[in-house]
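Chemist: Okay, here's the prediction I keep looking at, along with the sequence it came from:
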Amino acid sequence: MPPRLAISPPLLNAACPWATDLTYLRPLYASPSTGAITTRTSLVEGYPHNDAVNTFLFFDASAHDSTPPGPASFPSPETGRTCSLNSFGLSPIPLAGYLDMVRTLAAENPLSTKPIIVSVTGTPASCTQAIEAVEAVARDVSVPLAVELNLSCPNVPGHPPPAYYSDELRAFLAAIPAGCTLPVGLKVPPYTHADQFGMLVDALAESGRVSFVTSTNTLGNCVVMQRDQAVLPSEGGFGGMAGPAIHPLSLGNVASLRALVDERGLDIDIIGVGGVSDGQGYRRMRKVGAQFVAVATALGKQGPAVFDRINSSIGREAKL
């Protein structure tokens, strides 16, 4: 049986722009309302980030009223426009940079038992290399580490999300070293029909090396328009959508995966992510079967205080 995650409270951030470096990761790790943190997804060699193309915005899903791409402040000073659209690829910081951040956080918090999930992607071979690199650091630091293989980014040109394709998915699962001592999970894209869920769970059952699944990443191929023009500066204005607009789809994905994982008797945790911004969203994710709940867009809107607000809401209800 692969190693398991231990996250208490069962709240964390998802891999996202607001987990890029220590200025973001430090307050997330220091928060008593997060039970773990996740780094932004990195490659072994880093990603060729271009500020002119790789950016994001917040928008209102009904009015298509949006901020300019690349809001200047964090957290966002305005309360509307709660959805997000991004054309980010992956982090420009290579994996070695994130491992240095892990060492720093561990040195600053020597008594902490809060896990750090290092999110990575690349080719199957480079993912093996990444897992082994994280495992080597885990032997030298006191805080628990885990690895998330992000197989779901919709914004990398020429590289559609591998988790949509059975052969590619299985190649990445085979890249997880046998006997790995760390929890290793997959971040998957939104699925929309039963065959996709079945394909994923079949592959998970055959692998036997996956500890958790993070569901879901952003929904790709989305466009926000103003005055008949796409707002994002990416080609065609396409980006990955997140926030409240994706919440029903993410709930459906978590519910479907939970049912199939349980039906197959697989001991795999689900991290539910997609549109959670308050206690009600948290409770919905838990109700449909997520052991843990992650936040991304609402983190960008509210900053780390979003976790305090969710925990406070849960605590008030528990006392009723």
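Modeler: Looks like it arrived, so ask away.
Chemist: ok, now which ones touch the closest residue in space to Glu148 that isn't next to it in sequence?
Modeler: Nearest residue to Glu148, sequence neighbours excluded (Cβ to Cβ, 6 or more residues apart in numbering): Ser119, at 4.3 Å. For the C-beta atoms, the positions are set from N, CA and C on the backbone; glycine is no exception. Taking Cβ atoms under 8 Å, 6 or more residues apart in numbering as the criterion, Ser119 is in contact with Ala15, Thr38, Thr39, Arg40, Thr41, Ser42, Val147, Glu148, Asn150, Lys187.
Chemist: Please repeat the previous calculation with a cut-off of 7 Å.
Modeler: Contact analysis of Ser119 by Cβ atoms under 7 Å, 6 or more residues apart in numbering lists Ala15, Thr38, Thr39, Arg40, Thr41, Glu148, Asn150, Lys187.
Chemist: Redo these as a markdown table? Include neighbour count and secondary structure.
Modeler: A markdown table is the format used below for the contacts of Ser119 (neighbours: other Cβ atoms under 10 Å; DSSP: H, G, I helix; E, B strand; the rest coil):
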| residue | neighbour count | secondary structure |
| --- | --- | --- |
| Ala15 | 30 | coil |
| Thr38 | 28 | strand |
| Thr39 | 28 | coil |
| Arg40 | 25 | coil |
| Thr41 | 28 | coil |
| Glu148 | 25 | strand |
| Asn150 | 27 | strand |
| Lys187 | 28 | strand |
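Chemist: quick one: buried residues of stretch 295-310?
Modeler: By 16 or more other Cβ atoms under 10 Å, the buried positions in stretch 295-310 come out as 295-304, 306-308, 310.
Chemist: Out of those, which is nearest to Ala107?
Modeler: Pro304 (20.7 Å; Cβ to Cβ).
Chemist: Surely that closest one touches Pro32?
Modeler: No: at 10.4 Å, Pro304 and Pro32 do not qualify as touching, with contact defined as Cβ atoms under 7 Å.
Chemist: right, and the helix or strand after the one helix or strand Ala96 maps to?
Modeler: Per DSSP states H and E, Ala96 falls inside helix 95-108. Per DSSP H and E, the first helix or strand lying C-terminal to helix 95-108 is strand 116-120.
Chemist: quick one: that following strand to helix 95-108, angle?
Modeler: Calculated by axes from the mean of the first three to the mean of the last three Cα atoms, to 10 degrees, strand 116-120 forms an angle of 180 degrees with helix 95-108.
Chemist: after strand 116-120 comes which helix or strand?
Modeler: Using DSSP H and E, the helix or strand that follows strand 116-120 in sequence is helix 124-138.
Chemist: coming back round to it: what distance do you get for the residue nearest to Glu148 to Val141?
Modeler: Distance check for Ser119 against Val141: by Cβ to Cβ, to the nearest Å, it reads 17 Å.
Chemist: what do you get for Asp308?
Modeler: Asp308 is 27 Å from Val141, by Cβ to Cβ.
Chemist: Which secondary structure state does Asn221 sit in?
Modeler: Assigned with DSSP: H, G, I helix; E, B strand; the rest coil, Asn221 falls in the strand class.
Chemist: Tell me how many other residues crowd it.
Modeler: Residues lying near Asn221 (other Cβ atoms under 10 Å) number 11.
Chemist: Might you report the residue contacts of it?
Modeler: Applying Cβ under 7 Å, 6+ apart to Asn221 gives the contacts Pro154, Phe238.
Chemist: Out of the contacts of Ser119, flag the one nearest to Lys114.
Modeler: Thr38 (11.6 Å).
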